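Student: Below are the sequence and a predicted model; questions follow.
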Amino acid sequence: MSAVAAPPRTSELVTGPLSRAIVRLALPAVGSALLQLVFLLVDIFWVGRILGAAALAAVSTAGYAVWILASLAEMIGVGLTAVAARRHGEGAHGAASVAAGTTLAVAVIGGVAIASSGWLLVPALFDLMGTPSEVTELGRLYLLTYLLGAPAVLGFFAAEATFRAAGDTRTPLVLLAASVLLTIVLDPLLITGVGPLPALGIAGAAIAAVLIRGVVLALGFVILVRRRLVRLSVWDWKSVLTVLRVGAPTAAYGVFFSAVYIGLARITTRFGVPALAALGIGHKLEGLSYMVATGFALASAALVGQNLGAQRPDRARRAGWMTAFYASGVGAFAALAFLAFPDYLVGVFTRDPGVVAAGASYLRIMSIVQVTMGLEIVLEAALGGAGFTLQPVLWMGVITGARIPLAAWLAGVFGVAGVWWAISVTAVARGVAMAILWRGESWQRVKV
């Protein structure tokens, strides 16, 4: 399996044609990101089709806490990508492997601590959102089970960042393909119970996710060791501190973003279970544009990091703009689909007419965001690849924080559609903000 991906040589990333470098890095990364989306969609498909609207709303609301976990994992991913890519760009490949190994170990240990603390906070989370009792009961069960996989989630983000920083985005593609196949098989088996397997309901979906994360992390680690991209015999705590410093603003924003959605969920709750379920489905369907942009963003971060390490800031700037343009172009197709077939897209996951109506409204209102998402996600990652993370987080935080008062006001005027409009307007503003920062010069002067 270690022969799956021969990563682009560092010289190709800093001297070859940018368009070819972007395509070579981005296409496998986009494939990996879309597989992550499929991983999530398979979950809500089986939950929605087998267990109904309340279970769908439960997974959606529990997902806001899962985002917090993912944000902490992204701190590792963003920071390690910036540090290891810079070392590879400097030609210090051994230093990159030591930094990756130490960070991977810290990530797994940190996952244990996060899981332990999360178990104590889960009851308060659903009380804060004010969800209906049937949604609360199912959501707590799902989330408490999912948290058992926190060490594997953080560990995989570190492993994926290690591949990415070395210019290899194809190996994560293979690993995620394996995870999707396992999910397709395990989810319905554990939810409904087949043969000797008990019917675990919503907990079965969470157990499947935990088991699969662990298997994929183990496979990824074996490949990293064989390629000498990870070294555990030497510890580099200074690099870990740099990883955490660089990634901390991104994690802080992610946690804040999750808190904002918890607030939005509380506002949406007054419109009933169908609205809560629609918010979750709509957000997952937006994942098409988001994951495509994320795939291009991973390529952008690696290109920017390596070109800055090679003292080529002008090439780094062009890489950011070009990659964002490609991602926005793909997002335009998603926007057209949201406008043309919203009822059909939502109806794939649920038969509930109330959920379909609210979800279709969400997709229509969010259509324009699918285009600007390329600017937001790709350029934020490009800034992160340069180690410039504080200002983007501040800008994004202010704009995202405005969603709660804006949603509360617009919901009183337009009903649940007002919540959708608050999300849409602020999302477009974030894309514009990242473009303004990328046009500046400050990110070129960061030392990593």
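Tutor: All right, it came through fine.
Student: need the contact list for L229.
Tutor: 96-97, 100, 162-163, 166 (CB atoms under 8 Å, 6 or more residues apart in numbering). The way it works is simple: take the backbone N, C-alpha and C, and place the C-beta from them, glycine included.
Student: cool, V38 as well?
Tutor: If you count contacts by CB under 8 Å, 6+ apart, then V38 has V180 around it.
Student: Check G354 too.
Tutor: So G354 contacts 53, 272, 274 (CB under 8 Å, 6+ apart).
Student: Redo the residues you listed as JSON lines? Include distance to L224.
Tutor: Below are the contacts of G354 laid out as JSON lines (distance: CB to CB, whole Å):
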{"residue": "A53", "distance to L224": "42"}
{"residue": "G272", "distance to L224": "47"}
{"residue": "P274", "distance to L224": "45"}
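Student: from these, which is closest to W237?
Tutor: A53 (48.7 Å; CB to CB).
Student: On the pLDDT front, check the closest one for me.
Tutor: pLDDT recorded at A53 is 82.
Student: gap between it and G412?
Tutor: Per CB to CB, to the nearest Å, A53 is found 25 Å from G412.
Student: Between these two, point out the one with more neighbours.
Tutor: A53 (21 against 10; other CB atoms under 10 Å).
Student: Kindly list the main-chain dihedrals of that one?
Tutor: Backbone torsions of A53, given as degrees, to the nearest 10, read phi -60, psi -40.
Student: Skip the chain neighbours and tell me the closest residue to it.
Tutor: In this structure, A53 finds its nearest non-sequential neighbour in D352, 4.6 Å apart by CB to CB, 6 or more residues apart in numbering.
Student: Now do the contacts for that neighbour.
Tutor: So D352 contacts 52-53, 274, 277 (CB under 8 Å, 6+ apart).
Student: and if we set it to 10 Å?
Tutor: 48, 52-54, 56, 273-274, 277-278, 346, 358-359 (CB atoms under 10 Å, 6 or more residues apart in numbering).
Student: Now it: phi and psi?
Tutor: phi -70, psi 120.
Student: confidence score at the residue most central in space within the chain?
Tutor: Central residue of the chain (CA atoms, centre = their mean): A70, 6.7 Å from the mean position. Listed pLDDT for A70 reads 82.
Student: right, and it touches V153 too?
Tutor: Yes - A70 is within contact range of V153, at 7.1 Å (criterion: CB atoms under 10 Å).
Student: ok now do the residue nearest to R318 when sequence neighbours are not counted, which residues does it touch?
Tutor: Leaving out its chain neighbours, the residue that sits closest to R318 by CB to CB, 6+ apart is L18, at 6.0 Å. Going by CB under 10 Å, 6+ apart, L18 touches 303, 307, 315-316, 318-319, 321-323.
Student: Give the buried subset of these as a PyMOL selection command.
Tutor: Here is the PyMOL selection string for the buried members of the contacts of L18, based on 16 or more other CB atoms under 10 Å:
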select buried, resi 303+307+315+316+319+321+322+323
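Student: can I get the contacts of L18 in TSV with pLDDT?
Tutor: Output for these, formatted as TSV (pLDDT from 0 to 100):
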residue	pLDDT
L303	84
N307	81
R315	85
A316	85
R318	87
A319	87
W321	92
M322	90
T323	91
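Student: Need the contacts of L18 in a markdown table (columns: secondary structure).
Tutor: Output for the contacts of L18, formatted as a markdown table (DSSP: H, G, I helix; E, B strand; the rest coil):
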| residue | secondary structure |
| --- | --- |
| L303 | helix |
| N307 | helix |
| R315 | helix |
| A316 | helix |
| R318 | helix |
| A319 | helix |
| W321 | helix |
| M322 | helix |
| T323 | helix |
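Student: Pipe the contacts of L18 into TSV and attach distance to A334 per row.
Tutor: Output for the contacts of L18, formatted as TSV (distance: CB to CB, whole Å):
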residue	distance to A334
L303	24
N307	29
R315	29
A316	28
R318	25
A319	23
W321	21
M322	20
T323	17
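Student: Strands of this protein, start to end?
Tutor: In the chain, no strands are found when defined by DSSP state E.
Student: which regions of it lie under the pLDDT threshold?
Tutor: 1-16, 32-33, 448 (pLDDT under 70).
Student: For stretch 240-250, buried residues please.
Tutor: 240, 242-250.
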